[in-house]
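In: What shape does this take:
(chains A, B and C)
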Amino acid sequence: MRLGAKDFDLASTVESGQLFRWSKEGDGYRIAHRDKSFFVSQEGDFLEFSGVTAAFLTSFFGLDVDYAAIKRKLSKDAMLRTAIKAYPGIHIVRQDPWECTVSFLCSSFSNIKKIQLNLRKLTECFGESGAFPCPGDIDDHPRIKSCSTGYRSKYIFEANKLVDDRSLNALKRLPYAEAKARLMELPGIGEKVADCICLFSLDKTEAFPVDVWIKRVIEELYFEGKSMKERDVRDFAKQRWGALAGYAQQYLYHWRRTL
DNA sequence: GACCAGGATATGG
DNA sequence: CCATATCATGGT
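Out: Here you go, the predicted structure:
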């Protein structure tokens, strides 16, 4: 199937650290998410895809969002304009909240390769016929640990007992601050992980996850390399970009990492 | 508020 | 082969 995708870059969107269960396949990507597995490739302004509906893909990759308008506003910032020019087609994905939660519980003090390994093993270990396990299914602590999750295993084990799809999806209807506060009630979810879940699965575009890379790039571009507190980085982003802070984060993150 | 453990992988020397 | 860095959090 074929779908128009203007102002969208599949490669940088998939490879910008939002998604973990994907691999290159032929001239495109095989992407797994919850119970879905689909193939996508891009030729110019069109996506060639199979395994999901066009409606799913449109929502998943945010093809219904006016990125031209977002970039126009953010490009008033000279620093940000450079990052946007480097990868102008990056989109924020709309993930499933549960898979997103488990993914970023795995992410703490880790790296992308290892997170991918964790999620591959968790899916093999607890999932049914290749699908990502549902809330309630990841219920064996020693086996979670055997998925190379280390000290994060107890967080995954607890989160699996404490949430379900309905409660997580209900967070989409709450204001950002409330959704984030609810997520942070779960063990292992602090400010950074909560912001990732808000931005990548709950449509909270004002969320600004602060990791080592974002902290570094904000210090370099806006504060002459002087060391900042994470709290101050978040406050700066909120003040400067407001509801578009999440988009700014993604452009800056991918640009700085691929420098 | 600053420091530290905990667990595994990839990369560079 | 060893040293080092890695998309943080919770406890002290």
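In: Next, count neighbours for residue A:148.
Out: 16 (other CB atoms under 10 Å). The C-beta positions use only the backbone N, C-alpha and C, and glycine is treated the same way.
In: Can you classify it by secondary structure?
Out: Put simply, residue A:148 is helix when judged by DSSP: H, G, I helix; E, B strand; the rest coil.
In: same check, this time on the one 5 residues further on
Out: Using three-state DSSP, the secondary structure recorded for residue A:153 is helix.
In: Pull the contacting residues for it.
Out: For residue A:153, the residues meeting the contact criterion (CB atoms under 8 Å, 6 or more residues apart in numbering) are A:141, A:144, A:145, A:147.
In: contacts with DNA strand B among these, please.
Out: For DNA strand B, the contacts drawn from the contacts of residue A:153 by CB under 7 Å from any atom of the strand are residue A:145.
In: which one of the contacts of residue A:153 sits closest to DNA strand B?
Out: Among these, residue A:145 lies closest to DNA strand B (CB to the nearest atom of the strand), at 6.7 Å.
In: Now the closest one: closest residue in space that isn't a chain neighbour?
Out: Among residues not flanking residue A:145 along the chain, residue A:153 sits closest, at 4.2 Å (CB to CB, 6 or more residues apart in numbering).
In: Contacts for the host helix or strand of residue A:100 next, please.
Out: If you go by DSSP states H and E, residue A:100 is part of helix A:97-106. Applying CB under 8 Å, 6+ apart, the external contacts of helix A:97-106 come out as A:20-21, A:33-34, A:95, A:114-115, A:118-119, A:122, A:132, A:134-135, A:138, A:149, A:152, A:155-156, A:159, A:163, A:165, A:168-169, A:171-172, A:183, A:186, A:188-189, A:193, A:196-197, A:200-202.
In: circling back: the residue nearest to residue A:145 and residue A:239, how far apart?
Out: 38 Å (CB to CB, to the nearest Å).
In: same thing with residue A:115?
Out: Residue A:115 is 31 Å from residue A:239, by CB to CB.
In: Between the two, tell me which one has more neighbours.
Out: Neighbour count, other CB under 10 Å: between residue A:115 and residue A:239, residue A:115 has more, with 21 against 9.
In: What is the three-state secondary structure of the more buried one?
Out: Relying on three-state DSSP, one would call residue A:115 helix.
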